[in-house]
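Here's a sequence, model it:
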Amino acid sequence: MTDLSIIIVSWNVADLLAACLESILAGPVCVVSADDSAPDCGDRLSVEILVIESASTDHTMEVLGRFPQVRVLAQKENVGFVRGNNIGLTAAEGRYVMLLNPDTEVIGDALPVLAAFLDAHPDVGIVGPHTLNTDGSTQSTRRHFPTLLTALFESTWLQPYAPPGVLRHYYVSDAPDDAILDVDWMQGSALMARREVFEQIGGMDERIVMYSDELDWCRRAKDAGWRVVYVGAAQIVHHGGKSSEQVAAQRHMYFQQSKVYYFRKHHGPLAAGFLRRYLLVLYAWQWGLEWLKFRLGHKPELRRARMAAYREVLRSGLQLAR
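Numbering: from 1, shown residues only. Alright, predicted model coming up:
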């Protein structure tokens, strides 16, 4: 059995995908081709790479033609991040599986380090690396589970006014970047998990279009008794949100819908209903501020774009996924 299956869901980010694949191939791993039934990898980590190509309209297929080692699962439509990862998880053959964004680059021995940690700690179900921004600064990816108080401030216009301890605890910001930490969940740009976790709890919840999918997955893993650990010795670069930038007007709606859905699923309808109404009030207030600035002639194109995005959120009502 292959040691590790790397699952990459890609949509219209051909050049970033190429850089991601090159970074994997440059590392101290043994990449196994789909037609190689008996690879001689020695002591190196054996890896299969699966790219779920989500009906891109750029030159992604041309790029993939340069990587014959990669197993391409081409889709007839844009299946999205969550469904695409589930397609990859079902097709994966490794004893470990890794969800990796196409806008990432693996640094050095990050993959063997993460796999070795799982080898040494059988009670750990999911691990994630120290993630860097494009400029080399640390990207915040490790988290505790959100409380309702956290949700009222985090990723809203009121975030600067949150009680200091609330977000410091949520972001696990008081520990060094190179530490090994038990956390509740980690950002889904790079997550390595045991096959047994997937077999036990299933894949990602496809009722979530994007955002909070990894939060829900890690929550279910923790509820099933697995540990989730941040391993600071492993590093990747995450260039950040390049696929979702292509649907910017929908990002607000999907982000907040997913947040509300998570709270309904794990905290109940009362908490979710309160959060939904609270968020809609904030968006209505923000739309009003943008309208006022638009009427005053301040950056009218920016104000028009923001009003359109906020209007879409308000029209959706942030209705919970069924």
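
Report the separation between residue 273 and residue 145.
According to Cβ to Cβ, to the nearest Å, residue 273 stands 20 Å off from residue 145. C-beta coordinates here come from the backbone N, C-alpha and C atoms, glycine included.

For residue 177, grab phi and psi.
For residue 177, the backbone dihedrals are phi -70, psi -30 (criterion: degrees, to the nearest 10).

Pull the number of nearby residues for it.
As a burial measure, the neighbour count of residue 177 was computed by other Cβ atoms under 10 Å and equals 12.

And it, how far from residue 144?
Taking Cβ to Cβ as the measure, residue 177 falls 17 Å from residue 144.

how far does stretch 24-32 sit from the chain's center?
23 Å (Cα atoms, centre = their mean, to the nearest Å).

outside of it, which residues touch it?
Under the contact criterion Cβ atoms under 8 Å, 6 or more residues apart in numbering, stretch 24-32 has outside partners 2, 4, 6, 39, 41-42, 44-49, 67, 69, 106, 108-112.

10 Å instead?
2-6, 8, 21, 36, 38-49, 67, 69-71, 93-94, 98, 100, 104-112, 115 (Cβ atoms under 10 Å, 6 or more residues apart in numbering).

Of these, just the buried ones, ChimeraX syntax please.
In ChimeraX syntax, the buried subset of these is picked out as below (16 or more other Cβ atoms under 10 Å):
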select :2,3,4,5,6,8,21,45,46,47,48,49,67,70,71,94,98,100,104,105,106,107,109,110,111,112,115
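
Which members of the contacts of stretch 24-32 are positioned in helices?
Using DSSP state H, 21, 110-112, 115 are the members of these that sit in helices.

would you list the residues you listed in a markdown table and tack on pLDDT and distance to residue 267?
Written out in a markdown table, the entries for those read as follows (pLDDT from 0 to 100; distance: Cβ to Cβ, whole Å):
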| residue | pLDDT | distance to residue 267 |
| --- | --- | --- |
| 21 | 98 | 39 |
| 110 | 98 | 34 |
| 111 | 98 | 35 |
| 112 | 98 | 38 |
| 115 | 98 | 34 |
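
Which member of those is positioned nearest residue 128?
Using Cβ to Cβ, residue 110 is the member of the ones in helices among the contacts of stretch 24-32 that lies nearest residue 128, at 10.5 Å.

so where's the chain shaky on pLDDT?
Within the chain, the stretches with pLDDT under 70 are 34-38, 241-249, 320-322.

And the helices in the stretch 51-200 of the chain?
If DSSP state H, counting those that start in this stretch is used as the criterion, the helices of the stretch 51-200 of the chain fall at 60-64, 80-91, 110-120, 148-153, 164-170, 195-201.
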